[in-house]
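The sequence isn't on hand, but the structure is:
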């Protein structure tokens, strides 16, 4: 119900030019400094899951929201809501993991807040992180720059995070455990921006709602049709089989360490090579292209040559995935 | 348990020079721009209370954390955690109130996030706001500037917010209802900084833990003794009698629209006059002074000429007050 909520209740109250852009980050100019500003509250359930926990997720999530806009993430705030009786050893483990992830992402938590609520008033622990990044002068990423013929690049396999969370939830175990792909993407992003200046139209980290939702957001913002090719989509076999059992489409399942980029056609191969040379882009692929059609639509070419429309889902497919 | 949690678990993980200052805000310098950055999660119970609700509190709280450091509040992020089934009319009322308060405080919400959690996983609604402000070049407020002889000024009556929240909680009704004092303090702060440049040592909005806690934080940071005079403390009669019934000391009860300032002695009367001339400082008073003693201690002179030590409370006196 998040898109509905936004449209009906939040946007009319907070209307302003900056929020109106509706990216994952706001762009600010204060005394000549170009800044990116982004917030996320993490309510993931379970808080510990294969490959990570709510702590590293809270750091990576906001770092990535800043990075995909082209910003260099610098500072984070951290707000904790903790249920009374929450085990101190779990808190310690989460904070240690935040510390390690901060170092890896090159950011610092510079201001914080902790609220303890009575038992039953929150589910264990919620973490809000809000980040500030520096937007380099030359960076100008926007879905408005998308042109027919542009290529759609993805840095690796889809759906890992969502399936890792589901397999971490009680009563659901996979034969081949899937780990979250949670990772800070600032380094990969900087590699692409420096290696192919002016060639990236727009980027996004396809989290909630997965690659399908991010592509739909691009298509709507640019009023362009985007077609992806099912054969080129990187999906781990364990994710594929888990999705089959659960009746999920991996295109809609959340990622937390993947980069989706729309790239000028003449530079697509070069950007692909840059991605593959980075530790978080080894399995990168060109998964589709922008069509010469002024229609906000995303379609998938399946193995049989048929095409299906990939719509925005009306509600949240998987709650509390981040 | 907040102070304990901080010392034992959070500080060792997030150690850095900026967080180390431990004010209500971090001070950042990005590309020459001097910024203030502050976060707060609001979990107040009940969410609607006499004179306000969680929405205006969430805006004023972060605006004030920025303002008391001398910053001009500019931009806010807002992160909502909403319990499934939360009435949409309540959400609407909260958002309307945030909108009005934003306009009054001269700030904009420029980025946001909404998470819906299943029923029973959160208590109705929690709101995180994180703010960015501009720190004017000439502003340099710090408890390190506190000197013997300095005066302690308070902008009005104490304990109103805490008592309003308690009276809003189920099963507790006051004869004379007390309203929250929730208000944005940026205007009052700017009036003082412009009217008495260089005369304000440090300011704080005494929220959780009340005036007693803020004064103890000043005394510890400056390693100075501060003495306040009980006769000069502005307390509403209804707050005083509610505190008596509940066994609370109004000095420890939260405020959400009061300013505590340490001021150079020669300018104390001028600053007091500036406070009284402002809509949020009509009942301002000089409530104490800094002694010529290198001891971190706060004492209260009672009506009878006796003196009591006003300690930092070991735990939270009133949970979920903001």
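Everything's here; your move. Note that this is a predicted model, so its numbers are computed, not measured. Numbering: from 1, shown residues only, chains lettered A, B, ... in the order given.

From here on, just use CA atoms for contacts and neighbour counts.
Will do.

Quick check: what element follows the strand of greatest length in chain A along the chain?
As assigned by DSSP state E, the longest strand anywhere in chain A is strand A:72-83. Under the assignment DSSP states H and E, the closest C-terminal helix or strand after strand A:72-83 is helix A:88-105.

residues of that following helix that come out buried?
A:91, A:94, A:95, A:96, A:97, A:98, A:99, A:101, A:102, A:105 (16 or more other C-alpha atoms under 10 Å in any protein chain shown).

Okay, strands next: where are they in chain A?
A:26-30, A:33-42, A:48-49, A:52-53, A:72-83, A:108-117, A:125-134, A:151-154, A:200-204, A:225-229, A:260-263, A:285-290, A:297-301, A:307-309.

To residue B:236, which of those strands lies closest?
Closest approach to residue B:236 among those (C-alpha to C-alpha): strand A:108-117, 28.1 Å.

Look at residue A:307 and say how many residues are nearby.
15 (other C-alpha atoms under 10 Å in any protein chain shown).

Relative to chain B, how far out is the closest residue to it other than its chain neighbours?
Nearest residue to residue A:307, sequence neighbours excluded (C-alpha to C-alpha, 6 or more residues apart in numbering or on different chains): residue A:301, at 4.5 Å. Distance of residue A:301 to chain B, computed by C-alpha to the nearest C-alpha, to the nearest Å: 33 Å.

Enumerate every residue touching residue A:301.
A:227, A:228, A:229, A:230, A:307, A:308 (C-alpha atoms under 8 Å, 6 or more residues apart in numbering or on different chains).

Separate out the buried members of those residues.
A:227, A:228, A:229, A:230.

for chain B, what are the nearby residues on the stretch 51-200 of chain A?
A:77-81, A:91-92, A:95-96, A:99, A:108-117, A:120-123, A:128, A:130, A:134 (C-alpha under 8 Å from any C-alpha of the partner chain).

Go ahead and build a PyMOL selection from the buried members of the residues you listed.
The PyMOL selection below is limited to those of those classed as buried (16+ other C-alpha under 10 Å):
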select buried, chain A and resi 77+78+79+80+81+91+95+96+99+108+109+110+111+112+113+114+115+116+117+121+122+123+128+130+134
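
pLDDT at residue A:172, what is it?
With respect to pLDDT, residue A:172 scores 69.

contact partners of stretch A:15-29?
Contacts for stretch A:15-29 (C-alpha under 8 Å, 6+ apart): A:34-39, A:65-66, A:69, B:108-111.

Name the nearest residue to residue A:228, sequence neighbours excluded.
residue A:288 (3.9 Å).

Compute the number of surrounding residues for residue A:279.
Neighbours around residue A:279, by other C-alpha under 10 Å: 10.

got the contact list for the residue nearest to the spatial centre of chain A?
For chain A, the residue nearest the mean C-alpha position is residue A:205 (3.0 Å; C-alpha atoms, centre = their mean). Applying C-alpha under 8 Å, 6+ apart to residue A:205 gives the contacts A:64, A:65, A:68, A:214, A:255, A:256, A:257, A:258, A:259, A:260.

Leaving out chain neighbours, which residue sits closest to it?
Residue A:205 sits nearest to residue A:259 (C-alpha to C-alpha, 6+ apart), 4.9 Å away.

So the one you found sits against residue A:158, correct?
No - here residue A:259 lies out of contact with residue A:158, judged by C-alpha atoms under 8 Å, at a distance of 10.2 Å.

Please tabulate the buried residues of helix A:88-105 in JSON lines, including the columns pLDDT.
As requested, the buried residues of helix A:88-105 are exported to JSON lines (pLDDT from 0 to 100):
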{"residue": "A:91", "pLDDT": "95"}
{"residue": "A:94", "pLDDT": "97"}
{"residue": "A:95", "pLDDT": "96"}
{"residue": "A:96", "pLDDT": "96"}
{"residue": "A:97", "pLDDT": "97"}
{"residue": "A:98", "pLDDT": "97"}
{"residue": "A:99", "pLDDT": "96"}
{"residue": "A:101", "pLDDT": "97"}
{"residue": "A:102", "pLDDT": "96"}
{"residue": "A:105", "pLDDT": "96"}
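
buried stuff in stretch A:265-284?
For stretch A:265-284, using 16+ other C-alpha under 10 Å, the buried residues are A:265, A:267-269, A:271-276, A:278, A:280-284.

what does stretch A:227-246 give?
A:227-230, A:232-236, A:238-243.

domain assignment for chain A?
A:16-134, A:143-309 (automatic domain parsing).

Residue B:48: which of those is closest?
Comparing the domains of chain A by C-alpha to C-alpha, domain A:16-134 comes nearest, at 16.5 Å.

That'll do, ta.
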